[in-house]
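*Asks:* Here is a sequence together with a model predicted from it:
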Amino acid sequence: MQVWEGIVLAMHQIRSQKLKSFFSLLGVILGVLFLIVVVTVVEGLDRYVREDFTAQIFGVNTVTLQRNPAVQINTSEEEWRAQQRRPRITYEDADVIRARLTVPARIAVESDTGGEGVGDNGRSATGMQISGASPEIFEIRNLEIARGRAFTPQEADMGAPVVVIGSKTAEVIFESMDPLGRSIRIRGFPYRIIGVLEERGSLFGQSLDNLVIAPARSPIQAVTNPHGIVDGVIIQALDPARLREAQQEVEGIMRARRGLRPADANDFSLETADEAISFWDNISRILFIALPGLVAISLVVGGIVIMNIMLVSVMERTREIGVRKAIGARRRDILTQVLIESATLSTVGAIIGVAAGIGAATLIAAVSPLPAAVSVKWVALGVTLGLVVGVISGVYPASQASKLDPVDALRYE
């Protein structure tokens, strides 16, 4: 009964003194709101990077051979210059890997650039991703065909001028018309459209559907890279458990091909998706390390305000406390009641902060490319923090109230 009485008194105080209660809870509300917004966005980004980003950019269970790493942080000018002197990756490299790799795998070459495509109806799409790739790329990147088909290995070997286009490219250039069988010009050269990809959405605000994919050995190679050069070779191990084995084999093949001695560093880059997103691991780790300190500042301020409010409340109810003690209330009864009131006030602030944080995170996800993932554990942590701050903030006021002498309290005006 004492617990319920304390909760009722705290809620009555909030209702009767709305403005004072709001400002007393503002620190807790802001601290919990900040916690929920940051961890929701960071966890959403983490899930986005690990699932969508890696699947769309690298493919699942893949290792990529490139001239230089895809993601570089804090690279010195000397390192950058050394990387620019590295040999380029070639079709021959891919052919040698296909011939020597013992781990069962899909192997594809890929080269990308940007540009414009003009349909045979005169309409154009700008900012397209123009890709020259092997037919295996559709399976490696899990690219589903909505209409038509992908190009065949025979078309890829012959360098046939055919393309598969993204759904946005089809919509922009051909609107409601069926693009299959029509042509699109890229840098003045016509390609026959044989397929349209299923819609994939966007990645960090950039559309994944404004693209064309042509066979790597088709005339598209004049657009993407010098003759015989590719941006990268993608190896997807059919058995996920053998990915590292495939990576080691490819490294050995390339080192032998380039005549590197045991003491020589690699003059090429081999990256798995996990290695490529290691930069994100560092960023998220820093955010989660800094987060408790930032939240603690708001909660400490909120706790001090609640402590002062409870001290004022104890002073205003001095006679009431005196009456309670006079009719038999024990010291621990008064102590418990004040602690319950303080904890209730702070928990209400935490609940408001959680609701506001979820709303803010949802709004951020709706109006920006930042994703949000609301986790029950962080909601529970936010409410728990509010409860803990309330209990800690109420200790001193509760102690002061419990020490009041009944006679002096009854005389208080």
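*Replies:* Everything's here; your move.
*Asks:* tally of neighbours for Ala373?
*Replies:* Summarising burial for Ala373: neighbours were counted as other CB atoms under 10 Å, giving 17. (Glycine included, C-beta is placed from N, CA and C.)
*Asks:* what's the helix or strand for the closest residue to it other than its chain neighbours?
*Replies:* Computed as CB to CB, 6 or more residues apart in numbering, the closest residue to Ala373 that is not its neighbour in sequence is Gly44, at 4.0 Å. Taking DSSP states H and E as the definition, Gly44 sits inside helix 18-47.
*Asks:* for Arg261, same thing?
*Replies:* Taking DSSP H and E as the definition, one finds Arg261 inside no helix or strand.
*Asks:* That one and Val60, how far apart?
*Replies:* For Arg261, the distance to Val60 (CB to CB, to the nearest Å) stands at 35 Å.
*Asks:* ok, those two, which is more surrounded?
*Replies:* Here Arg261 and Val60 are set side by side on neighbour count (other CB under 10 Å), and the busier one is Val60, at 13 against 6.
*Asks:* I'd assumed Asn142 was in contact with that one.
*Replies:* Yes. Contact between Val60 and Asn142 holds when scored by CB atoms under 8 Å: they sit 7.1 Å apart.
*Asks:* Val295 belongs to a strand?
*Replies:* No. Going by DSSP: H, G, I helix; E, B strand; the rest coil, the assignment for Val295 is helix, not a strand.
*Asks:* Begin at 33 from now on, thanks
*Replies:* Fine by me, first position is 33 from now on; the one you just mentioned is Val327.
*Asks:* Tell me how many other residues surround it.
*Replies:* Every residue meeting other CB under 10 Å relative to Val327 is counted, giving 22.
*Asks:* Kindly state the pLDDT recorded for it?
*Replies:* Confidence per residue is given as pLDDT, and for Val327 that number is 74.
*Asks:* who touches it in this structure?
*Replies:* Taking CB atoms under 8 Å, 6 or more residues apart in numbering as the contact definition, Val327 lies against 63-64, 66-67, 417.
*Asks:* Go again with 10 Å.
*Replies:* With contacts defined as CB atoms under 10 Å, 6 or more residues apart in numbering, Val327 is in contact with 62-68, 70-71, 413-414, 417.
*Asks:* now swap in Val141 and tell me
*Replies:* Under the criterion of CB under 10 Å, 6+ apart, the contact partners of Val141 comprise 97, 121-123, 125-127, 129, 164-166, 168-169, 188, 248-249, 253, 261-266.
*Asks:* one more time with 6 Å
*Replies:* Val141 makes contacts with 126, 166, 248, 262, 265, as judged by CB atoms under 6 Å, 6 or more residues apart in numbering.
*Asks:* The first one against Val265, yeah?
*Replies:* Yep, that's Ala126 we're talking about. Yes. A contact is recorded between Ala126 and Val265 when judged using CB atoms under 6 Å, the distance being 4.6 Å.
*Asks:* so what's the backbone phi/psi at the residue nearest to Leu270 when sequence neighbours are not counted?
*Replies:* Counting by CB to CB, 6+ apart, the nearest residue to Leu270 once its immediate chain neighbours are dropped is Pro136, at 4.5 Å. According to degrees, to the nearest 10, the main-chain angles of Pro136 amount to phi -60, psi 130.
*Asks:* Could you do Gly164 as well?
*Replies:* The phi/psi pair for Gly164 (degrees, to the nearest 10) reads phi -110, psi 120.
*Asks:* I'd say it and Ala248 touch.
*Replies:* Yes. Contact between Gly164 and Ala248 holds when scored by CB under 6 Å: they sit 4.3 Å apart.
*Asks:* More neighbours: these two, which one.
*Replies:* More neighbours surround Gly164 than the other of Gly164 and Ala248, with 29 against 25 (other CB under 10 Å).
*Asks:* who's in contact with the more buried one?
*Replies:* With contacts defined as CB under 6 Å, 6+ apart, the neighbours of Gly164 are 143, 246, 248, 252-253, 256.
*Asks:* For it, list each beta-bridge partner.
*Replies:* Per DSSP bridges, the residues bridged to Gly164 are Ser143, Ala246.
*Asks:* now Arg219: how far from Pro272?
*Replies:* Using CB to CB, we find Arg219 at a distance of 39 Å from Pro272.
*Asks:* So between the two, which is more surrounded?
*Replies:* Set Arg219 next to Pro272 and count neighbours by other CB under 10 Å: Arg219 wins out with 14 against 10.
*Asks:* For Met160, grab phi and psi.
*Replies:* Comment: the main-chain dihedrals of Met160 come out as phi -70, psi 150, following degrees, to the nearest 10.
*Asks:* ok, how many other residues are close to it?
*Replies:* Other residues near Met160 number 24, with proximity taken as other CB under 10 Å.
*Asks:* pretty sure it contacts Gly151?
*Replies:* No. Between Met160 and Gly151 there is no contact, the gap being 11.7 Å when judged by CB under 6 Å.
*Asks:* quick one: Leu326 and Val415, what's the gap?
*Replies:* Look at Leu326 and Val415: by CB to CB, they are 19 Å apart.
*Asks:* Tell me which of the two has more neighbours.
*Replies:* Set side by side, Leu326 and Val415 show more neighbours around Val415, with 17 against 14, by other CB under 10 Å.
*Asks:* can you tell me the helix or strand for the closest residue to the more buried one other than its chain neighbours?
*Replies:* Closest residue in space to Val415, ignoring its immediate chain neighbours: Ala382 at 5.0 Å, by CB to CB, 6+ apart. If you go by DSSP H and E, Ala382 is part of helix 363-399.
*Asks:* Give me the buried positions along the next helix or strand after that helix.
*Replies:* Toward the C-terminus, helix 363-399 is succeeded by helix 408-434 as the next helix or strand (DSSP H and E). By 16 or more other CB atoms under 10 Å, the buried positions in helix 408-434 come out as 410-411, 413-415, 417-426, 428-430, 432-434.
*Asks:* just to revisit the earlier point, joint contacts of Val92 and Asn174?
*Replies:* Contact criterion CB under 6 Å, 6+ apart; no residue bridges Val92 and Asn174 by contacting each.
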